[in-house]
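J.: 3D, please:
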Amino acid sequence: MPSLTHSNTVQSLHSWWSDSNPVGPTISIHAAAKPLMRVMYHSQARSFIRRNRDVAVSAAVMDVYLGYLAYKYVSGATKMLVLRELSVTALSEAEAHIIVDALTPEPVLISDLLHSANAGTRLGTCRLLGRLARWASLVDNILALEVSKRLVDLTSDFLVRVDALYALSEISQWPAGARAIVGDNILFHIPKLLEASETEVRRCTSLLLGNLVCHNSTAPAVLALNPCPQLVFLSTLDDVARPSVMYALSAIGQTYDGALAVLAAKESAVPGILGLSNPWTRGRPSAMLGYLALG
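T.: This is a model prediction of the structure:
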């Protein structure tokens, strides 16, 4: 079976082995073949990736990858395999440009991947977009795919929200990306994300906030939200997220109003820390106060 390509999938799939031309009245050969097709395509994709791993990605290779991503009978595991390989490839700026050049005419495909019922496909697409967005030269192309709103929505998806936040934090490094994210109402989700039970969600959210407040166009919206009380409290609790939390607080503190907000949050945090009743934090007030003093 030849490798799928984005241009030949329709022709190759609508053969006489279709449900519209069944052989006999009681069985659909196409339906019966679907599980086997998924296995065959997974093996085929894995072989194709292995053969092309040591060579620079090309438009022809991308056409094959897009074929696997677009075809509905390719399994979520296979699409995740392709997305993971593209994420590794995107670490090279030159190859990232080739990937984006192939994706730019396909906004519907990217939307379909981000809306996939398969969590692995959604997750892999978020990671790929994050890897691509690390390059300043590509951010306008990525925003043209209109992914920002969907990534913001995915911060409410417990299965993939860490990866959605990773993509958003990469996009938010750049002024245009930060404006798009704020325009798509990410700040509405920030308070709940800072209260999330997963450390990685709190860490990525703090990093995202720090990036947003570094841009003149989006800093006022962050200051109006005033995340400082939550950030100050997290700085005393979360050892893993603390570097990102302190980055956000230091970025906020670069302006006069921001510095006042950080100081006010620190002052109000002291009595709260001394009166903690949470079993996890009850024995840590002195350490927590120490972090506040160092900050």
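
J.: give the rounded mean pLDDT of the helix or strand harbouring residue 48.
T.: Remark: residue 48 resides in helix 29-52, with elements defined by DSSP states H and E. Confidence over helix 29-52, taken as the mean pLDDT, stands at 81.

J.: run the chain-centre distance for the next helix or strand after that helix.
T.: Moving toward the C-terminus from helix 29-52, the next helix or strand (DSSP H and E) is helix 59-70. In terms of C-alpha atoms, centre = their mean, to the nearest Å, the centre of helix 59-70 is set 21 Å apart from its chain centre.

J.: just stretch 124-135 next, same as before
T.: Remark: stretch 124-135 is offset 7 Å from the chain centroid, using C-alpha atoms, centre = their mean.

J.: quick one: low-confidence ranges for this structure?
T.: For the chain, residues meeting the criterion pLDDT under 70 lie at 1-33, 269-295.

J.: which residue packs closest to residue 259, ignoring adjacent ones?
T.: Excluding the flanking residues, the one nearest residue 259 by C-beta to C-beta, 6 or more residues apart in numbering is residue 253, at 4.5 Å. The C-beta positions use only the backbone N, C-alpha and C, and glycine is treated the same way.

J.: quick one: that neighbour from residue 214, how far?
T.: 12 Å (C-beta to C-beta, to the nearest Å).

J.: the residue nearest to residue 259: neighbour count?
T.: With neighbours defined by other C-beta atoms under 10 Å, the count for residue 253 comes to 18.

J.: and residue 257, by the same measure?
T.: Residue 257 sits with 14 neighbouring residues when counted by other C-beta under 10 Å.

J.: same question for residue 224.
T.: Taking other C-beta under 10 Å as the criterion, the count of residues near residue 224 is 9.

J.: who's in contact with it?
T.: Residues touching residue 224, when contacts are defined by C-beta atoms under 8 Å, 6 or more residues apart in numbering, are absent altogether.

J.: give the buried residues for the helix or strand containing it.
T.: Mapping residue 224 onto the secondary structure by DSSP H and E places it in helix 219-225. Of the residues in helix 219-225, those buried under the neighbour-count criterion (16 or more other C-beta atoms under 10 Å) are 219, 221-223, 225.

J.: also stretch 118-133?
T.: Of all the residues in stretch 118-133, those buried under the rule 16+ other C-beta under 10 Å are 120-133.

J.: just the ones in helices from those, please.
T.: Helix and strand membership here follows DSSP state H; of the buried residues of stretch 118-133, those in helices are 120-133.

J.: for residue 173, which non-adjacent residue is closest in space?
T.: With sequence-adjacent residues excluded and distances taken as C-beta to C-beta, 6+ apart, residue 173 is closest to residue 211, at 5.6 Å.

J.: please look at residue 85 and residue 53 and confirm they touch.
T.: Yes: if you go by C-beta atoms under 8 Å, residue 85 and residue 53 touch, sitting 7.4 Å apart.

J.: among those two, which residue is more densely surrounded?
T.: Shown here are residue 85 and residue 53; by other C-beta under 10 Å, residue 85 has more neighbours (21 against 11).
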